[in-house]
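**Student:** model the following, please.
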Amino acid sequence: MNTIKLNFVLLLVLLSFSAKSQQLQKLTPIQMTNDVDTLVKLLKDTHLNPYYKYPKENFDSDVALVKKGLTKHLTVIDFYLKIEPLLAKLQDGHTDLPVPKELYNLQNPYELPYTFILSTKAPYIICRMSKANLPSLIPVNSEIISINNISAKRIVEDIVNLNTGETPDFRAEFGAKNLSFYLENLYKTNGNYRVKYKFGNQIKLIEIEGIKQKRLSEIISKINLNASKGNNEKSNFDFEVVNNVAIINFRKFDWNGFRKFADSAFSVIKNDKINNLIINLIDNGGGESEVGDEFLQYLLSKPFKQYNKVVIKNSQLYKARLKKNMGTKKPNKEELEFLNQKNGTVDIFYVDNNKIKENSFRYNGNVYLLVNSQTYSSAADFAQCFKYYKRGLVIGEETGGLIKSFGDIVTTHLPNSNLRFTISSTLYYNVGADEKDFCGVIPDFYSTSDKALKKAFEIIENQK
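**Tutor:** Numbering: from 1, shown residues only. As a prediction, this is how the structure comes out:
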């Protein structure tokens, strides 16, 4: 074997050994206590007000209980399950210890190959479909009663307690994507799932064998490859006309292809003289708020803004992020002034109106905006702006994204576990938000996600 091949083989062995060591690493009680203390200090130093919903004395008491219970060596994942509930109680979706998936995936764990919808209200778990077109043993839209004799209600409650976010509904739905992780690490399922489900009037108990993650990923990759060859990849937005009503489905606020899409859609709307437009933001998790500003140029005819003011806390982590973004470039006068600010001080910036641009496709007809608990971040900001300027009717559920909310995360890692820690550094006030408005955008007409589009058509029909 030549030297190059030998070195390559040795490198693979070392990487494999390093990954295995990280996977099996156990933390001492002293190391874990140190990580908890670091988490609390970073939280206090960086966040404007981490206790805006959960009292500080309660949080400190919870921290003390967690530290008291750290009496034996734990793996990084088991330690994560102990401390993530501390942050979940704060109800800030941007302040979080994300699931350590990279570490977990080293084990090539089992997956329950289905996608599920989780809710804090009955039915708690609904089976949506099997993953990767695998044969399905559970009928679509079945209600899951229990998994391995653990009730669906308890599973959802445990998952809500292990996810951060402003509402329990959002935390349940957000946690659904990691259901297999929770089943394995909370209940030690080891790829064996006894699922009791209800479909129609029938209740059945079946046993499902999990599939290894690497194998599932290979199947999904092959499907995605074939889909991309057939140009079936789903866009972030699409447009259709149904019964002379225009519908724009917006899945993510992304610049890629946006302007071309918007001009094309509103050109059709104008040329066909369509008087009713439905904009669907259901399950839109956000993206670039500037895309929202540009989209609003097609809908509004007077100067507008999505935000009233932005409050930033100066901290070591925030400054470190700024320096990293600058790279080797020397800071300008404004940046230097900011870097010299004392840590712990607060800056308030007021936002000016956006000027109205010339736009030959500006739309003056009726607009109906669909939202739900998974309408988040910049998508919720758009919805609040839309409602504040009375551009049309909002239909659906209260948005998961709040009209006064924390964000603009800074990222660090805990020293011993190396768990990634994201912390909100900024407080955003949407246009029209007051000091007490830690709430989502409230719809004019309530409807569940699956019936919101139908509700919009009913309202349009009734207004004829």
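
**Student:** only C-alpha atoms from now on, for both contacts and neighbour counts.
**Tutor:** Will do.

**Student:** and the helices in the stretch 301-450 of the chain?
**Tutor:** 316-326, 333-339, 378-388 (DSSP state H, counting those that start in this stretch).

**Student:** to Val367, which of the ones you listed lies closest?
**Tutor:** Across the helices of the stretch 301-450 of the chain, Val367 has its closest neighbour in helix 378-388 (9.6 Å, CA to CA).

**Student:** what helices or strands is the closest one leaning on?
**Tutor:** helix 289-296, strand 393-396, strand 420-430 (3 or more CA pairs under 8 Å, 6 or more residues apart in numbering; DSSP states H and E).

**Student:** what's the mean pLDDT across the last one?
**Tutor:** So that's strand 420-430. Averaging pLDDT along strand 420-430 yields 96.

**Student:** please apply the same query to the first one.
**Tutor:** Average pLDDT, helix 289-296: 96.

**Student:** helices and strands around that helix, which ones?
**Tutor:** Using 3+ CA pairs under 8 Å, 6+ apart: helix 289-296 touches helix 378-388.

**Student:** then the second one?
**Tutor:** The contact analysis (3+ CA pairs under 8 Å, 6+ apart) places strand 393-396 against strand 366-371, helix 378-388, strand 445-446, helix 452-462.

**Student:** one more pass at 10 Å, please.
**Tutor:** strand 276-280, strand 366-371, helix 378-388, strand 445-446, helix 452-462 (3 or more CA pairs under 10 Å, 6 or more residues apart in numbering; DSSP states H and E).

**Student:** now render the helices and strands packed on helix 378-388 as TSV, adding distance to Ser136.
**Tutor:** As requested, those are arranged in TSV below (distance: least, CA to CA, whole Å):
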stretch	distance to Ser136
helix 289-296	39
strand 393-396	31
strand 420-430	36
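
**Student:** looking at these, which is closest to Lys56?
**Tutor:** strand 420-430 (16.7 Å).

**Student:** okay, the angle between the closest one and helix 378-388?
**Tutor:** For strand 420-430 against helix 378-388, the angle by axes from the mean of the first three to the mean of the last three CA atoms, to 10 degrees is 10 degrees.

**Student:** same for strand 420-430, what does it pack against?
**Tutor:** Checking 3+ CA pairs under 10 Å, 6+ apart, strand 420-430 ends up next to helix 29-46, strand 307-313, helix 316-326, strand 346-350, helix 378-388, strand 404-413.

**Student:** contacting residues around the shortest one?
**Tutor:** Spelled out, it's strand 346-350. 48, 307-315, 338, 341, 426-429 (CA atoms under 10 Å, 6 or more residues apart in numbering).

**Student:** identify the residue with the minimum pLDDT among these.
**Tutor:** Phe338 (81).

**Student:** ok, then the element right after the helix or strand containing Leu86?
**Tutor:** Leu86 belongs to helix 76-88 when assigned by DSSP states H and E. Sequence-wise, the next helix or strand downstream of helix 76-88 (DSSP H and E) is helix 101-105.

**Student:** pull out the buried positions in that following helix.
**Tutor:** 103-104 (16 or more other CA atoms under 10 Å).

**Student:** one more: stretch 160-179?
**Tutor:** Buried residues in stretch 160-179 (16+ other CA under 10 Å): 160-176, 178-179.

**Student:** end to end on that stretch, go ahead and measure it.
**Tutor:** 11 Å (CA to CA, to the nearest Å).

**Student:** what mean pLDDT does that stretch have?
**Tutor:** 93.

**Student:** list the contacts of Asn280.
**Tutor:** Asn280 neighbours (CA under 10 Å, 6+ apart): 237, 247-251, 368-372, 375, 395-396, 452-453.

**Student:** quick check, nearest of the residues you listed to Asp408?
**Tutor:** Using CA to CA, the contacts of Asn280 come closest to Asp408 at Thr375, 17.7 Å.

**Student:** now Gly286. Its backbone dihedrals?
**Tutor:** phi 120, psi -150 (degrees, to the nearest 10).

**Student:** does it touch Val371 like I think?
**Tutor:** No. Judged on CA atoms under 10 Å, Gly286 makes no contact with Val371 at a distance of 11.9 Å.

**Student:** joint contacts of these two?
**Tutor:** Counting by CA under 10 Å, 6+ apart, the residues touching both Gly286 and Val371 are 379-380.

**Student:** quick one, which of these two is more surrounded?
**Tutor:** Val371 (32 against 24; other CA atoms under 10 Å).

**Student:** just give the nearest non-adjacent residue to that one, would you?
**Tutor:** Ile282 (4.7 Å; CA to CA, 6 or more residues apart in numbering).

**Student:** state the helix or strand in which that neighbour lies.
**Tutor:** Here Ile282 is assigned to no helix or strand, by DSSP H and E.

**Student:** what about it, neighbour count?
**Tutor:** 25.

**Student:** residues in contact with it?
**Tutor:** Ile282 neighbours (CA under 10 Å, 6+ apart): 249-251, 369-376, 379, 396-397, 399, 449-450, 452-453.

**Student:** can you check Asn163 too?
**Tutor:** Contacts of Asn163 by CA under 10 Å, 6+ apart are 84-89, 91-93, 96-99, 170-175.

**Student:** any low-confidence regions in the stretch 51-200 of the chain?
**Tutor:** Scanning the stretch 51-200 of the chain for pLDDT under 70 picks out nothing.

**Student:** which residues does Leu393 bridge with?
**Tutor:** Taking DSSP bridges as the rule, Leu393 bridges to Tyr368.
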